[in-house]
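fold the following.
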Amino acid sequence: QVQLVESGGGLVQAGGSLRLSCVASGRTFSSELMGWFRQAPGKEREFVAGILWTDGRTYYADSVKGRFTISRDSAKNTVYLQMNSLKPEDTAIYYCAVRTGYNIGFYISKNQYHYWGQGTQVTVSS
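Numbering: from 1, shown residues only. Okay, the predicted model is just below:
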């Protein structure tokens, strides 16, 4: 069983920055795929960014490329999402997720992930 706890959300003005954290527990990570998703009111949950635990390779949605950075700290079992140049359309609940097993590539479908955090609200005002 894996537990994921997100933190770091809040209210920020357009152009500002936030850093989200996701602390994972319940197992030792080796080849998992970690992802950040978001869900705005009335919309589907969408992929934002992913990182492979093995080698740190990353992948981003086009909408956040160049503005967001995903990273991990293996010693702390923590994944981060640094969000810069925030826009009102980035407003959403942000979720951390993990796909267990041996992963060598990325998945953007939420159905491919096995465990989820409770989410953290990010609100960007114009």
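
wait, residue 94 touches residue 35, no?
No. Checked against CB atoms under 8 Å, the pair residue 94 and residue 35 is beyond contact range at 10.8 Å. C-beta here means a position set from N, CA and C on the backbone, and glycine is covered the same way.

okay, these two: which has more neighbours?
Using other CB atoms under 10 Å as the criterion, residue 94 and residue 35 rank with residue 35 on top: 27 against 23.

could you pull up phi and psi at the residue most central in space within the chain?
With distances taken as CA atoms, centre = their mean, residue 36 lies nearest the centre of the chain, 2.0 Å away. The phi/psi pair for residue 36 (degrees, to the nearest 10) reads phi -110, psi 130.

tell me what residue 4 is bridged to.
For residue 4, the beta-bridge partners under DSSP bridges are residue 24.

ok so, going back, mutual contacts of residue 94 and residue 35, please.
Counting by CB atoms under 8 Å, 6 or more residues apart in numbering, the common neighbours of residue 94 and residue 35 are residue 48.

which residues of the protein fall in strands?
Along the chain, the stretches classed as strands by DSSP state E are 3-7, 10-13, 18-25, 33-39, 46-52, 58-60, 68-73, 78-83, 92-99, 115-116, 120-125.

distance check, the residue nearest to the centre of the chain against residue 126.
23 Å (CB to CB, to the nearest Å).

kindly report the same for residue 25.
Relative to residue 126, and taking CB to CB, residue 25 is found at 37 Å.

ok, now residue 22?
Applying CB to CB to residue 22 and residue 126 gives a distance of 27 Å.

go on, residue 105?
For residue 105, the distance to residue 126 - CB to CB - is 37 Å.

now swap in residue 76 and tell me
35 Å.

pLDDT weak spots in this protein?
Applying pLDDT under 70 to the chain flags no residue at all.

residue 109 is nearest to which of the strands of the chain?
strand 46-52 (7.5 Å; CB to CB).

what's the angle between the closest one and strand 68-73?
40 degrees (axes from the mean of the first three to the mean of the last three CA atoms, to 10 degrees).

thanks again, I'm all set now.
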